[in-house]
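Novice: got a predicted structure plus its sequence, pasted below:
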Amino acid sequence: MRSGAVPLIDLASNGDVAYSFVPNKAPYQTKFLSRFVPSGTDSNKDFDLISDVLYPSDLYCSGNFVIDAVGRDQLAHVSEDGNLALYSYCEPENKMKKVFTSSVKNMKSSHQGSILKSGNFFNKERDQLLFIDLKSHCFVVGQFPPIRDNCNELAPKSNFKILGELTGENFTKLISSNYNECVIANFIGDDKSECFFMNQSSGNYLMLGFNDNQIIKLAEGNSNILKVSDSGHTYQGSIPGISGDHDLLCLSESGEGFKKICLSITTTHNNELNFHEKESSWLKLASGKFYFGQFTNSTNEILVLNRDWKFDLSYGQLQGNGVFIKANVDFEGFSNGYNPKYYEDIKIVPGNFIKSDRTALLVFCGNCIDNTFPILNCKNYDNKSDWKPGAEIYYFKD
């Protein structure tokens, strides 16, 4: 708890009493994430999950980018110097190995305004990668070459295939407004992913689709339902069991908490979308970043990360018309001198990297030496102390 705050539980009078934990009401029980340790590995010794040093400030995205008979995800990485790499788990070596690398024109992380997303934009057997830089006016969607051996140090030399691209004037003609949210989901029921931009302040939106290497404007307009004045709004695509195939799930912060809204995109009329608010509920919770996945054997699970004053990760579920927070989350089994919550700069990328039926958290950590706070876009990391930048995978304990 914060220093000086009134305790939620009087330990003096309740120390020997079994406490009944209630969803959405603090205090919560603690749920632990365990560091992934491959079978046959000495858990008391450190092992390098990724041989390269990857920094939290770079762009990362998980997706099923290659043909993997096991159905696992891979990690796409775009660095500040414009290098694109793909990492895949090699089971015999117990490592995330770099299986592809290339320099792609116009694909360069500029921190602010840079977005990296995955989706099946062309209804193919594997995902494609979407890079957007709203600052430099760049929109690139492409596909990794066929990779069938996850243990190759590098796949046979082949290019990242550009399937669609907008730059310069072509970008501004199609994407004319300033947007601060980008959601990837199958909104119109065509078995493909669409790209949905919106501006939280103005309510402007734009939906782009993909067809035969063409980027097509499907809809554009303004909606008061999307127009909100508070900060910290999070928008997601379709979440099975919570929103329909054509719905947009919004978790919007207000003075009362988070409002969960399912916006049903019903019809397209005059190149505009009709939105209908299906359901809503309030959750009193601090602002945060949301992650969805199958983290345990349950379904419709959500993680909420709050960095307002410390690392605060919560676990919950989306059920019926509500968001139910059930536990605080902490780490265990980390390497010596490595607990992610104590690092200054942290980035979490969920994905089914090792198990096709269980979502893991790939956690990137580093301490910034730029003497700036809060850490927004770190340029220089501490590479000399014991707290070097690193990345490890965590799973919830069964």
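Specialist: Structure received.

Novice: contact partners of the longest helix along the chain?
Specialist: Longest helix of the chain, by residue count under DSSP state H: helix 168-174. The contact list for helix 168-174 (C-beta atoms under 8 Å, 6 or more residues apart in numbering) reads 137, 138, 139, 166, 208, 215, 217. The C-beta positions use only the backbone N, C-alpha and C, and glycine is treated the same way.

Novice: out of the residues you listed, which end up buried?
Specialist: The neighbour-count test (16 or more other C-beta atoms under 10 Å) marks 137, 138, 139, 166, 208, 215 as buried among these.

Novice: closest one to residue 27 out of the residues you listed, please.
Specialist: Distance ranking of those against residue 27, using C-beta to C-beta, places residue 208 first at 44.7 Å.

Novice: pLDDT at the closest one, what is it?
Specialist: According to the model's per-residue confidence, residue 208 sits at a pLDDT of 92.

Novice: likewise for residue 116?
Specialist: pLDDT for residue 116: 94.

Novice: wait, isn't it in contact with residue 60?
Specialist: Yes: applying C-beta atoms under 8 Å as the test, residue 116 and residue 60 come out as touching, 6.7 Å apart.

Novice: now do the shared contacts for those two.
Specialist: 76, 78.

Novice: now do the helix or strand that the longest helix of the chain is followed by, average pLDDT.
Specialist: Toward the C-terminus, helix 168-174 is succeeded by strand 181-185 as the next helix or strand (DSSP states H and E). Rounded to a whole number, the mean pLDDT of strand 181-185 is 86.

Novice: so which elements touch strand 181-185?
Specialist: Secondary-structure packing of strand 181-185 (3 or more C-beta pairs under 8 Å, 6 or more residues apart in numbering; DSSP states H and E): strand 114-119, strand 194-198, strand 234-236.

Novice: now do it: distance to the chain's middle.
Specialist: Here strand 181-185 is found 11 Å from its chain centre; the criterion is C-alpha atoms, centre = their mean, to the nearest Å.

Novice: all further residue positions should be reported with the first residue as 708.
Specialist: New numbering, starting at 708: the last item is strand 888-892.

Novice: related to what we said a few turns ago, possible to save the contacts of helix 875-881 as JSON lines with distance to residue 882 and secondary structure?
Specialist: JSON lines is the format used below for the contacts of helix 875-881 (distance: C-beta to C-beta, whole Å; DSSP: H, G, I helix; E, B strand; the rest coil):
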{"residue": "844", "distance to residue 882": "8", "secondary structure": "coil"}
{"residue": "845", "distance to residue 882": "10", "secondary structure": "strand"}
{"residue": "846", "distance to residue 882": "7", "secondary structure": "strand"}
{"residue": "873", "distance to residue 882": "7", "secondary structure": "strand"}
{"residue": "915", "distance to residue 882": "8", "secondary structure": "strand"}
{"residue": "922", "distance to residue 882": "10", "secondary structure": "strand"}
{"residue": "924", "distance to residue 882": "9", "secondary structure": "strand"}
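
Novice: follow-up on the earlier one: what's the most buried one of the helices and strands packed on strand 888-892?
Specialist: Here the criterion is mean neighbour count by mean count of other C-beta atoms under 10 Å, and of the helices and strands packed on strand 888-892 the winner is strand 901-905, at a mean of 23.

Novice: what strands flank that one, and is each parallel or antiparallel?
Specialist: Strand pairing for strand 901-905, using DSSP bridges, gives strand 888-892 (antiparallel), strand 911-918 (antiparallel).

Novice: can you give me the angle the first one makes with strand 821-826?
Specialist: Using axes from the mean of the first three to the mean of the last three C-alpha atoms, to 10 degrees, the direction of strand 888-892 lies 10 degrees away from that of strand 821-826.

Novice: contacts for strand 888-892 next, please.
Specialist: Where contact means C-beta under 8 Å, 6+ apart, the residues beyond strand 888-892 that reach it are 822, 824-826, 837, 839, 900-907, 940, 942-945, 955.

Novice: same deal with stretch 1069-1080?
Specialist: In contact with stretch 1069-1080 (C-beta under 8 Å, 6+ apart) are residues 761-764, 767, 769, 782, 1045, 1047, 1050-1058, 1060, 1082, 1085-1089, 1092, 1094-1101.

Novice: now it: buried residues?
Specialist: Taking 16+ other C-beta under 10 Å as the basis for neighbour counts, the residues of stretch 1069-1080 that come out buried are 1069, 1070, 1071, 1072, 1073, 1074, 1075.

Novice: what's the answer for stretch 794-804, then?
Specialist: Within stretch 794-804, the residues that qualify as buried are 794, 795, 796, 797, 801, 802, 803, 804, counting by 16+ other C-beta under 10 Å.

Novice: gap between the two ends of that stretch?
Specialist: End-to-end span of stretch 794-804 (C-alpha to C-alpha, to the nearest Å): 5 Å.
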